[in-house]
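Colleague: Fold the stuff below for me.
(chains A and B)
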Amino acid sequence: MSEPKDISPPELIKDRGTLHPINHMKDYIMNLLISFGFEIVDGPEIETEEFNFDMLNIKKSHPARQMHDTFYLEKKSNLLRTHTSPVQIRGMLEKKPPLAFISGGKVYRKDDDATHLPMFHQVEGIYVDENVSFAQLKDLIYKIIYSLFGEGVELRFRPSYFPFTEPSAEVDILSKEGKWLEILGCGLVNPVVLENCNIDSTKHSGLAFGLGIERIAMLKHGVKDIREFYKSNLDFLSQFK
Amino acid sequence: MKISYDHLVQYIQENPTIEQVSDSLFQLGHEHEIEGNIFDMEFTPNRGDCLSINGLLRDLGVFYTIELNQDIYKEKLDELQLDFENQLENICPQISFLKLEIDQVPELYKNSLEDYFSVLGLNKNNFFTDVSNYLSYETGQPTHCYDANTINNKLIFHEIESDEEFETLLDRKISLKGKNAVFSLNNKVINLAGVVGGKSTSCSTNTKTVIVECAFFQPEAIIGKSVKYDIQSEASHKFERGVDRECQDKVLRRFIKVVAEHTSIINMSIVSYEYEENKIHQIPVNIYKINQIIGIDLSENEYLNHLKKLGFVIQDGVIKVPAFRSDIKTQNDLAEEVARVIGYDNILRADINIPKNDKHNHKDIENKLRYFLLDHGFYEVINPPFVGISSKDAIKVDNPLDSNRQFLRTNLTNSLLDNLLHNERRQKDSIKLFEISDIYTLNNGLHKKRKLSIIASGRVGLNYQDFSKKINKKYLENIFQEILPNKDFDFKILSRDSLNTKIKNEIVSLEVDIDIFSNDILSYKEKSKPPEHFHKYSPISELPCSFKDISYSIKDYTKIKDLQDLLLNFKSDLIKDMFIFDYFKNEKLKEIKIGFRFIFQSKEQTLTTSQIELIYNDIVNMSLKIDGISIPGI
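Modeller: Now for the predicted structure:
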């Protein structure tokens, strides 16, 4: 029986943790957008009606402002932001065009089922300059989606409605199974919103877009139930190394 | 809203297929699913004008030739003498009433009316209500039918602010609260305006004389009412999105015609009230601006032709917006109209070049911290902020989902403790978690703090070096020494006394402000990297798992690799994980002891002892075929 002198112990496998798949997806998208020239701006999750709705041309009568859609805090003195758009409003109030901001983070809506959660994540971007057009918005969206899903993916732009953009669009991609899947919302910044931020809308125009991080992560990872992301189960989390 | 393909196509001369109509609808921005011959439409909230056959055909008119051969009653009508008072002219600037008396209530329905109920599989109520519902589907204008014999006094449209019980025509009693715009008769509410009528004045299957109310209500006065009182109302859905102020006479004349197709009308009279003239919105023609917004080069002629097809009137360099398009106010709105007609997908991309910036990523410290924790086996979690128990400075949610989520958390540790227990209940014996999040508190104003919280319990690691070591304060202090040697961290031992668990492992936690970490940590060289691919997720099992250990004694050291290769390549759907938990080289006895732990779990069933034994025996038998390897005790 031989005993080689250089026998080494088995490889010591130290478990490394993982980033949460939603945060990882958010970072991935934000870094992609930074490479396109966008700059990160941050803002609070607790917002006022003024920044979350009024400044974004969401009228007092809009259904999103009802108690059944928005979480209000402390006798309606504040609310949990329903989107990351108010961050961009704050950014536009501070800086003059040309400007290109992205903001990402948690947002809240009063939903709770297999496809909607009261808390989810968004990344939104805005670019304001002279003569920004819908055709340029299309170019940017193609670049973002090709980077996320590959150059071969087929896209579809559909007219849609958001109070803060006009024209507005929703963008779908064609899945391998031949189904159109909604990926993001976008549009040209409504001139009313630019004026609210003291930007001359006769001189400047802007584009804006927003993505739901959970939606993209579910598609990329094949997660069927959105609730899986927030059970903090190690068997789940350890799959995203 | 469900709309029948057959009901649309009967008015389209080109007779397109359902797929062609579907493509046209998508191009126009009208999302839908197709169920048989029915379009299940999901309209955007600004397009209330499309909530009907005629409304949708108006939009489809940009692609097809539409011929609406819907007959209306064209003769002069007597004026209805109705005792009516409108105290809310700002909310209801235009309203009409039609009174009809019929000879007999028809037993069978004909033509479009019968087709509406049979094709869409809807239940009938009574003749007049059925005609009203059909016309709402055809024209988009909701009408309300009162049994004329019940309207025996002055009808008043006004606002009430008192609590009042109201029985709807659907036999439901609701308590009206706060401000409501209502129709009242004899000091009693008989109709919650724009939402639902009352039982006391509703039509029945015997009703022969009806008063049909046809109104425009400002959307702001209707929004939220159906949700507030939990009423499913097609009418409020339409009024909330805005109806056509100028259609009332046409709709009521169409009402007469549909009734006349079914029975003889003995008497009819109409009255209309317009309290405030409807202002036509006008926008200057500016093709330069439209081309600039979209990024195309359209001629003015083409542009105006597109708008004309959508019902816009062009006169003296001005575009007059039709009454049913209350959503159109600016050049950007018009640009969207043109873009829809051209097709968003037909607009060519124009190169975009955003000036690059070299801004510093202000989250560098936070990211460094995250990778430092990953290197030490910590998993990042995200928890929702809602909690059920109030604590000092907690912010209260006015409208929580339930009582367990009525406050915002004031720390992250409690969420992590829940996460830890969740994993312990799933037989995890080495748990290390962290979360970074904003925390909001109320203390003489709103305060925001960005926090890091970590929690850890159980074995230090699942490898032969760390398996027998337990996580404690010292372990965590040593880790943090590595990144910030000059800083003391206040690690806490969390008591298990109030936790529903038999596990005894210490729970160590830390919660600190992110601000305390300085640029010093940027010099830390992380080993972990972000994943290179987006891994496909394999659904996890919620069934219990079991483990089995096998300890080998190896005299022929050259066989260690054979053993490892054999065990690592052993395939079974029921083995979830395997690792070496023990390794010891006994120099005196010239022997290596090596222990493997196998974790068993099925995705379909709770495993029995015999199922596990079967696999275990396979492993043992195969490994013992390697010379120079033994399993003490076997």
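
Colleague: CA atoms for contacts and neighbours, from now on please.
Modeller: Fine.

Colleague: Near chain A, which residues of the stretch 201-350 of chain B? Just list them.
Modeller: B:219-220, B:223-224, B:292-296, B:332-333, B:335-336, B:340, B:344-345, B:347-350 (C-alpha under 8 Å from any C-alpha of the partner chain).

Colleague: which of the residues you listed count as buried?
Modeller: Neighbour-count burial within those applies to B:219-220, B:223-224, B:292-296, B:332-333, B:335-336, B:340, B:344-345, B:347, B:349-350; the criterion is 16 or more other C-alpha atoms under 10 Å in any protein chain shown.

Colleague: Which of these fall in helices?
Modeller: B:219-220, B:292-294, B:332-333, B:335-336, B:340 (DSSP state H).

Colleague: Out of the residues you listed, which one has the lowest pLDDT?
Modeller: The pLDDT minimum for those sits at B:Glu220, where the score is 88.

Colleague: Skip the chain neighbours and tell me the closest residue to it.
Modeller: A:Ser61 (5.2 Å; C-alpha to C-alpha, 6 or more residues apart in numbering or on different chains).

Colleague: do the same with B:Cys50
Modeller: B:Leu56 (4.8 Å).

Colleague: again, but for A:Ile199
Modeller: A:Lys96 (7.4 Å).

Colleague: What ranges does chain A have for its helices?
Modeller: Secondary structure of chain A (DSSP H): helices located at A:21-35, A:49-52, A:85-94, A:134-149, A:191-196, A:213-221, A:234-237.

Colleague: can you put these in a markdown table and add mean pLDDT, mean neighbour count and distance to A:Val123?
Modeller: A markdown table is the format used below for the helices of chain A (pLDDT from 0 to 100; neighbours: other C-alpha atoms under 10 Å in any protein chain shown; distance: least, C-alpha to C-alpha, whole Å):
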| stretch | mean pLDDT | mean neighbour count | distance to A:Val123 |
| --- | --- | --- | --- |
| helix A:21-35 | 95 | 19 | 7 |
| helix A:49-52 | 95 | 19 | 15 |
| helix A:85-94 | 93 | 21 | 9 |
| helix A:134-149 | 96 | 19 | 12 |
| helix A:191-196 | 96 | 20 | 19 |
| helix A:213-221 | 94 | 20 | 7 |
| helix A:234-237 | 96 | 20 | 22 |
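
Colleague: Out of those helices, the one nearest B:Ile471 is which?
Modeller: helix A:234-237 (17.3 Å; C-alpha to C-alpha).

Colleague: and for the closest one, what are the contacting residues?
Modeller: Helix A:234-237 has contacts (C-alpha atoms under 8 Å, 6 or more residues apart in numbering or on different chains) with A:18, A:20-21, A:228-229, B:379, B:423, B:539-540.

Colleague: Just the CA trace of that helix, in PDB.
Modeller: What follows is helix A:234-237, C-alpha atoms only, in PDB (Å, rounded to 0.1, in the frame of the first residue of the first chain):
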ATOM      1  CA  LEU A 234     -32.400  29.400   0.900                       C
ATOM      2  CA  ASP A 235     -33.300  26.700  -1.600                       C
ATOM      3  CA  PHE A 236     -34.700  29.400  -3.800                       C
ATOM      4  CA  LEU A 237     -32.000  32.000  -3.300                       C
END
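
Colleague: mind listing what B:Ser200 touches?
Modeller: B:150, B:167, B:169, B:190.

Colleague: go with 7 Å
Modeller: B:Ile190 (C-alpha atoms under 7 Å, 6 or more residues apart in numbering or on different chains).

Colleague: now B:Phe84
Modeller: By C-alpha under 7 Å, 6+ apart, the contact set of B:Phe84 is B:154-156.

Colleague: Over to it: give its phi and psi.
Modeller: Main-chain torsions, B:Phe84, degrees, to the nearest 10: phi -130, psi 140.

Colleague: what about the nearest residue to it once chain neighbours are set aside, how many neighbours?
Modeller: Using C-alpha to C-alpha, 6+ apart and skipping residues adjacent in sequence, the residue nearest B:Phe84 is B:Leu155, 4.8 Å away. Per other C-alpha atoms under 10 Å in any protein chain shown, the neighbour tally for B:Leu155 reads 18.

Colleague: ok, B:Leu155 - contacts?
Modeller: So B:Leu155 contacts B:83-85, B:183-185 (C-alpha under 7 Å, 6+ apart).

Colleague: cool, and B:Ser390?
Modeller: Listed by C-alpha under 7 Å, 6+ apart, the contact set of B:Ser390 reads B:Phe407.

Colleague: That one: what secondary structure?
Modeller: coil (DSSP: H, G, I helix; E, B strand; the rest coil).

Colleague: hang on, the earlier thing: inside strands: which ones of the contacts of B:Phe84?
Modeller: Counted as lying in strands by DSSP state E, out of the contacts of B:Phe84, are B:155-156.

Colleague: count of residues packed around residue 230?
Modeller: Picking chain A for this. Residue neighbour count, defined by other C-alpha under 10 Å, stands at 19 for A:Tyr230.

Colleague: Actually, chain B is the one I wanted.
Modeller: Other residues near B:Asp230 come to 10 when the count uses other C-alpha under 10 Å.

Colleague: ok so, going back, can I get the contacts of B:Phe84 in JSON lines with pLDDT?
Modeller: As requested, the contacts of B:Phe84 are exported to JSON lines (pLDDT from 0 to 100):
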{"residue": "B:Lys154", "pLDDT": "97"}
{"residue": "B:Leu155", "pLDDT": "97"}
{"residue": "B:Ile156", "pLDDT": "97"}
